[in-house]
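**Q** Dropping the sequence and predicted coords here.
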Amino acid sequence: MRAEYDARGSTEHHGHYRVARHAAGFPGKDGDPVAGPVEACGLCDRNQPGPAPRQPPAPLADGISQAVGRLWNQLCQWNLSNRGKAPGKAADYRREVLAAGKLYVKHAPSVRGSPDLWLRGEPGIPYRRNPLFAVMRYCLCWGAIAGGDMTQREKGAAGEPAAPRNSASASVVDSSPWAPLRQRAFRWLWLGMFIGYIGVWMQTVGAQWLLVDAPNAATLVSLVQAAMTMPVMLLALPGGVLADSFDRRWLLFTVEVYFFVVAIVLTVLTAAGLMPPALLLALTFALAIGAAVQLPTWQAMIPQLVPRTQLRAASRLDMVAVNLGRSVGPALAGLVIAAFSVPVVFAMNAFSVVFLALALLFWHRSPAESQDRRERFVPALRAGGRYVWHEPIVRRILLRVILFITPGMVLWALLPLIASQRLGLGPAGYGALFGGLGAGAIVAALVLGRVRGRLSTNGLLTAAGIVFAAALAAIVLVSNFLVALPILLFAGLAWTAVISTLIAELQLFLPVWVRARGLAIYLVTFTGSMTVGALIWGLVAEGVGLQLTFFTAAVVMLGGVVAGLFWRLPETGHLDSEPAIYWPEARLAFDPEPDTGPVLVTVEYIVTPDREGDFLEAIDHLQRSRRRTGATRWELYRDGDRPDRFIELFSVPSWEEHQRQHAGRLTATDREVEEVALAFSDPPARAEHLLPP
């Protein structure tokens, strides 16, 4: 059946509290004037035609925040609706205050003219002197301090409600380094993950200590680390598929229960003296399988817990938790083993997951909207890989991960030898060196927000790479512990700067429907680079010695920095990765089965010869959009009888997958790309769906 392309978005009722007003010619959600009565949502600044029933205001966190929220909505309604001002601009201010927790207004980009024109009480009186505005500001700031607006209102993947965020079209700036901790859900879940990281490193040290007296101890101890990393490298992508298909809150809770059961079994068998090395490695491997699901799920949840402006700060805080867990866990495990025994360490690891499980249980969210049909596992796995393969920005980020992690792993892999051979330290001193790296992560969380205001993403990656290379060269030249500590602090700062920047850029860019799978592929790349890097530098150190190995790694790191000057990360702050449902519903004469396929879609364009060159350039960008959202084949043909007639063909594996293109895989950026290509066709482009008989 034929269907004419329609780029207009549908007008949906999004359930936010509305304020009615009359504004002839006020721009609607598509930028076209809306004549007559319109209604503006007091939270998201979207204009909808026609009257709508008044909705109750969404509650804030709890207690005083709920009362403040009700007062705020009432004040907005009275002051703005009756006086004919722009209530959507109040939403901009409200989001800024709740996002940044500050007492002043950052310029609202959607305000027309002077920012002083909105929220004036009387003509000629600036809003800063308006008593009603002062009351609103006081209430808003109390709401932010008392817990912030913790009711997620945007739908995420697999029905997961997302945190409120600003438009992606606005530049993404860094907020206060601790601003994400003002978001209650993020604060408690982050604390639970931090306790879990400590437990993981305690478990690793306990398992290695249990094997130090066994035959072939060196091999067995190294296998413990391999058993912790191999499942993440092999199974993170299937874990990402699960995170994109199921409710992430309950999936993460299930993983925590799984961790607890396996860790308790490990504790009981060890205490009973029934823990041979093979069983210990098997149970360690089983724990790491849970981590392969936990990590992509948690990383995909972070953008739903904090506003977009706080995402980079949230990623840095997550890196702080990882590095502090790596520093605190081994030291605490050593103390517990010395005072008690290894089974106590395993028991502490088991109970370290309880906090996160409770935080997930007590996380109050808005009821999720009904989910579409869940993707089947194998097609979802292929769709995730297809997206990454055909998205050059994601591939570039993964390349930068490899260029940094592979040479950088020399420090983590050979730090024990630095401690013992170069600095003459024992176990306590070795733990202190890890503490220096953890302190660097904390410093990074404090200063990188300000640095980001002065450096671009590529500038920050370049500077951090140079600092880390200098730290690699310097650490093998010193023999004094007190001199080594600040070097490692700078190394930890640079490591955190690069990793948090890369993962934040990925989280900002990935669409909701494939976010967990994209982050899972990042984890596969990350752990694979760690494993390969540790193996390579271990073999090199065996052959040429410690000092020359670190010098070589520093040179390779600088080579990666130079390569990064040519393979730069594109700036993605202006790209909008929010879902955009703008394709019309396919009108067919029959209802295909979901697994019917492949589906061949043809689009006919009529393009005048003078516009052909620009059209071919635009259609090339459209080709990438088709492929990353589901197409396995794409071709463009010219009609031999009519040179101005072009036929675009793309094939999708099944009718179900093509329906997902219609219902959520396309983003606002995809829409812009498609509209550019469609604009060249006169008459409008027409599409057909061809299915197997």
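**A** Yes, it's here. Numbering: from 1, shown residues only.
**Q** can you list contacts of stretch 470-479?
**A** Stretch 470-479 is contacted by residues 407-408, 410-411, 418, 422-424, 484, 487-488, 490-491, 494, 546-547, 550-551, 553-554, 557 when judged by Cβ atoms under 8 Å, 6 or more residues apart in numbering. (Each C-beta comes from the backbone N, C-alpha and C, glycine too.)
**Q** swap that for stretch 453-461, please
**A** Stretch 453-461 is contacted by residues 173-174, 400, 404, 448, 451-452, 463, 497-498, 501-502, 505, 564-565, 568-569, 571 when judged by Cβ under 8 Å, 6+ apart.
**Q** Skipping adjacent residues, who's closest to the residue positioned nearest the centre of the chain in space?
**A** Closest residue to the average C-alpha location of the chain: residue 507 at 2.7 Å, with Cα atoms, centre = their mean. Residue nearest to residue 507 in three dimensions, not counting chain neighbours: residue 303, with 5.1 Å by Cβ to Cβ, 6 or more residues apart in numbering.
**Q** Could you count how many residues lie near that neighbour?
**A** Neighbours of residue 303 under the rule other Cβ atoms under 10 Å: 25.
**Q** start at 584 instead
**A** Yep, numbering from 584; the last one is residue 886 now.
**Q** what's the distance between the host helix or strand of it and the middle of its chain?
**A** Assigned by DSSP states H and E, residue 886 belongs to helix 860-888. The chain centre lies 18 Å from the centre of helix 860-888; the measure is Cα atoms, centre = their mean, to the nearest Å.
**Q** Whichever helix or strand comes after it - what's its average pLDDT?
**A** Tracing the chain past helix 860-888, the next element assigned as helix or strand by DSSP H and E is helix 894-922. Mean pLDDT, helix 894-922: 81.
**Q** same thing with stretch 1262-1276?
**A** 90.
**Q** gap between the two ends of it?
**A** One end of stretch 1262-1276 to the other measures 33 Å (Cα to Cα, to the nearest Å).
**Q** Name the residues of that stretch that come out as buried.
**A** Buried residues in stretch 1262-1276, counting neighbours by 16 or more other Cβ atoms under 10 Å, are found at 1263-1264, 1268, 1270, 1272.
**Q** what about the closest residue to residue 1127 other than its chain neighbours, distance to residue 1122?
**A** The shortest distance from residue 1127 to any non-neighbouring residue, by Cβ to Cβ, 6+ apart, is to residue 1135 (7.7 Å). Noted for residue 1135: a distance of 12 Å to residue 1122, by Cβ to Cβ, to the nearest Å.
**Q** Give me the more crowded residue out of those two.
**A** Legend: neighbour count by other Cβ under 10 Å for residue 1135 and residue 1122, higher for residue 1135 (17 against 11).
**Q** Remind me which helix or strand that one belongs to.
**A** For residue 1135, the enclosing helix or strand under DSSP H and E is helix 1129-1149.
**Q** Output that helix in PDB with nothing but the alpha carbons.
**A** Extracted in PDB, the C-alpha atoms of helix 1129-1149 (Å, rounded to 0.1, in the frame of the first residue of the first chain):
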ATOM      1  CA  LEU A1129      59.900  -2.500  34.200                       C
ATOM      2  CA  GLN A1130      61.300   0.900  33.300                       C
ATOM      3  CA  LEU A1131      61.500   0.500  29.600                       C
ATOM      4  CA  THR A1132      58.000  -1.000  29.600                       C
ATOM      5  CA  PHE A1133      56.500   2.100  31.200                       C
ATOM      6  CA  PHE A1134      58.500   4.400  28.800                       C
ATOM      7  CA  THR A1135      57.100   2.400  25.900                       C
ATOM      8  CA  ALA A1136      53.600   2.600  27.200                       C
ATOM      9  CA  ALA A1137      54.000   6.400  27.600                       C
ATOM     10  CA  VAL A1138      55.100   6.700  24.000                       C
ATOM     11  CA  VAL A1139      52.100   4.600  22.900                       C
ATOM     12  CA  MET A1140      49.800   6.800  25.000                       C
ATOM     13  CA  LEU A1141      51.200   9.900  23.300                       C
ATOM     14  CA  GLY A1142      50.700   8.300  19.900                       C
ATOM     15  CA  GLY A1143      47.000   7.800  20.900                       C
ATOM     16  CA  VAL A1144      46.800  11.500  21.800                       C
ATOM     17  CA  VAL A1145      48.200  12.400  18.300                       C
ATOM     18  CA  ALA A1146      45.800  10.000  16.700                       C
ATOM     19  CA  GLY A1147      43.000  11.700  18.600                       C
ATOM     20  CA  LEU A1148      43.800  15.000  16.900                       C
ATOM     21  CA  PHE A1149      42.900  13.400  13.600                       C
END
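**Q** That one - contacts with which helices or strands?
**A** For helix 1129-1149, the elements it packs on are helix 975-1000, helix 1040-1058, helix 1098-1127, judged by 3 or more Cβ pairs under 8 Å, 6 or more residues apart in numbering; DSSP states H and E.
**Q** Quickly list the domain ranges of the protein.
**A** 600-735, 762-948+957-1149, 1182-1273 (automatic domain parsing).
**Q** Model confidence for residue 1022, exactly?
**A** Residue 1022 carries a pLDDT score of 84 in this model.
**Q** again, but for residue 1093
**A** What the model reports as pLDDT for residue 1093 is 88.
**Q** Pretty sure it sits against residue 1105.
**A** No: Residue 1093 is beyond contact range of residue 1105, at 9.3 Å (criterion: Cβ atoms under 8 Å).
**Q** List the contacts of the residue nearest to the centre of the chain.
**A** Going by Cβ under 8 Å, 6+ apart, residue 1090 touches 882-883, 885-886, 894, 898, 1098, 1102.
**Q** what's the closest of those to residue 1026?
**A** Using Cβ to Cβ, residue 898 is the member of these that lies nearest residue 1026, at 15.6 Å.
**Q** Where does pLDDT dip in this protein?
**A** Counting by pLDDT under 70, the chain has low-confidence residues at 584-758, 795, 799-802, 804-805, 948-956, 1010, 1156.
**Q** can you map out the strands along it?
**A** Using DSSP state E, the strands of the chain run over 585-587, 601-605, 609-610, 616-617, 620-624, 630-632, 737-738, 744-745, 1182-1189, 1216-1221, 1228-1235, 1269-1273.
**Q** count of residues packed around residue 1170?
**A** When neighbours are counted by other Cβ under 10 Å, residue 1170 registers 9.
**Q** For residue 1197, see how far away the closest residue to residue 1198 other than its chain neighbours is.
**A** Ranked by Cβ to Cβ, 6+ apart and with sequence neighbours excluded, the top spatial neighbour of residue 1198 is residue 1263, at 4.1 Å. From residue 1263 across to residue 1197, the span is 7 Å (Cβ to Cβ).
**Q** quick one: the nearest residue to residue 1178 once chain neighbours are set aside and residue 1243, what's the gap?
**A** Spatial nearest neighbour of residue 1178, chain neighbours left out: residue 1237 (5.3 Å); criterion: Cβ to Cβ, 6+ apart. Using Cβ to Cβ, we find residue 1237 at a distance of 9 Å from residue 1243.
**Q** the more surrounded of those two?
**A** A direct count of neighbours by other Cβ under 10 Å for residue 1237 and residue 1243 places residue 1243 higher, at 22 against 19.
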